[in-house]
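Q: I would like to see how this sequence folds:
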Amino acid sequence: MSSKEKPTLGGTRIKTRKRNIAAPLDPAAFSDAVVQIYLDNAGDLELVAKSIESSDLNFTRYGDTFFEVVFRGARTQPGTFKLDEGEHHPYAIIDCEPKREVILPSVIYIQKILRRKPFLIKNLENVMQRFLQSLELFEDDERKKLAIFTALAFSQKLSGLPPETVFQPLLKDNLVAKGLVLSFITDFFKEYLVDNSLDDLISILKRGKIEDNLLDFFPSAKRTPEVVSEHFTKEGLLILVEYNEKKLFDVKLKEMKSALTTQLAEEVDISDIIETVKQHVKDAKFPDIEVVRILWDVMMDAVQWSAKNQQQNANSALRQVKTWAPLLNTFCTTGKLELELMYKVQIQCYDDAKMMKLFPEIIRSLYDQDVLAEDTILHWFHKGTNPKGRQSFVKALEPFVKWLEEAEEEE
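A: Predicted coordinates for the structure are as follows:
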């Protein structure tokens, strides 16, 4: 062989990359194994949890199936909630009594499982979403059990269960129209409020993005404040009635404030603004005191305040009072309302540094425009009850009060 020739092989061997061969899915065998654990331990959830923890079952792959067994007692058929063929156990949540003391152990049991296998929280979300999106497939008492479980799950702060996962699926039009969602959410509210405060409930509703959607749980023909109040009152949820009424009140108050702010900015005729206020008061049944407060807020919000020039601030505020005094006069019609206006001015001057020194000038201007009566000012001066800045404000108003009292003596 020539020294220039390269050696050659008589044959070549082609190496192939080894590939992971996925094991075939077998949820039926997994379901049967979990069911057998329940049966072997006669439904004792403490023992079941220990057996599951020590088992070598593939929960990563069959997490949804696991929670189907927990809730339904066996694996469900794809696309339905009918039980599939195979083993079944009688200790499922759906099969127990619709009572909190009966369902609570299952919640605690799931909590233990999630602490050992936190990745399963996503599977719990999946199964709960499927169940809640298909409430019409369950019987009344089964829906109640789901509501009780859900309430207890949040009450026990079940590891990482996000409220939006639970509540958003409920807002399907067909479920709402049949009244199924209202029934479910009512049971949920009643159970949750047994051990938790209204603030806790509102926090969950906010996180679930449904705090402002209580009406959305009602069929469209029943979405009125009166029906909401009647329903929750009948169900013994007065605390929720009061909350909802306050929220509606705040919304309507905000709407009136927005309308008045626009009209003041556009310098609409005072008579038109008065009619706007009267219409809002009629529609929302606002208390007179609340009307006086909101009028003052809108007036002061419209002032162009200066960060440096105190005299400019004083001139702007006093000009605003003089311009819109007829508006205040229309609704500030009693001594009680006048006193409430004085308290409102006092609090604002105390809370807002740029208005701190304007208190006596504003009161004097309101007196000159016949908004505040002499008796009201004297009553506030001698017997006022609001402590915010009172000592300094009384001292600042003293010369004006002295003048009033001397003028009264001369008369």
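Q: show me where the stretch 151-300 of the chain has its helices.
A: 163-167, 173-177, 180-195, 198-207, 225-234, 238-265, 270-284, 288-301 (DSSP state H, counting those that start in this stretch).
Q: okay, buried residues for the helix or strand following the last one please.
A: With elements assigned by DSSP states H and E, the helix or strand that comes after helix 288-301 is helix 310-331. Of the residues in helix 310-331, those buried under the neighbour-count criterion (16 or more other Cβ atoms under 10 Å) are 313-314, 316-318, 320-321, 324-325, 327-328, 330-331. For the C-beta atoms, the positions are set from N, CA and C on the backbone; glycine is no exception.
Q: gap between the closest residue to residue 280 other than its chain neighbours and residue 125?
A: Among residues not flanking residue 280 along the chain, residue 256 sits closest, at 4.1 Å (Cβ to Cβ, 6 or more residues apart in numbering). Remark: distance between residue 256 and residue 125 (Cβ to Cβ, to the nearest Å) = 42 Å.
Q: and these two? Which one has more around it.
A: residue 256 (22 against 18; other Cβ atoms under 10 Å).
Q: closest one to residue 359 among the helices of the stretch 151-300 of the chain?
A: helix 288-301 (12.7 Å; Cβ to Cβ).
Q: buried stuff in the closest one?
A: 291, 292, 293, 294, 295, 296, 298, 299, 300.
Q: what of stretch 166-177?
A: Buried, per 16+ other Cβ under 10 Å, within stretch 166-177: 166, 167, 168, 169, 170, 172, 175, 176.
Q: got it, and stretch 191-207?
A: 191, 192, 193, 201, 204, 205.
Q: ok, so of those, who is nearest residue 140?
A: Using Cβ to Cβ, the buried residues of stretch 191-207 come closest to residue 140 at residue 191, 15.4 Å.
Q: am I right that residue 92 is in contact with residue 72?
A: Yes. Assessed by Cβ atoms under 8 Å, residue 92 is found in contact with residue 72 at 5.4 Å.
Q: point out where the stretch 201-350 of the chain drops to low pLDDT.
A: The model of the stretch 201-350 of the chain has pLDDT under 70 over residues 307.
Q: separation between residue 390 and residue 156?
A: Distance from residue 390 to residue 156, by Cβ to Cβ: 48 Å.
Q: pull the contacting residues for the spatially closest residue to residue 283 that is not a sequence neighbour.
A: Distances taken as Cβ to Cβ, 6+ apart place residue 252 nearest to residue 283, at 7.3 Å, with adjacent residues excluded. Residue 252 makes contact with 280, 283, 284, 286, according to Cβ atoms under 8 Å, 6 or more residues apart in numbering.
Q: could you rerun that using 10 Å?
A: Going by Cβ atoms under 10 Å, 6 or more residues apart in numbering, residue 252 touches 280, 281, 283, 284, 285, 286.
Q: relative to residue 123, how far out is the last one?
A: I take that to be residue 286. Going from residue 286 to residue 123 by Cβ to Cβ gives 50 Å.
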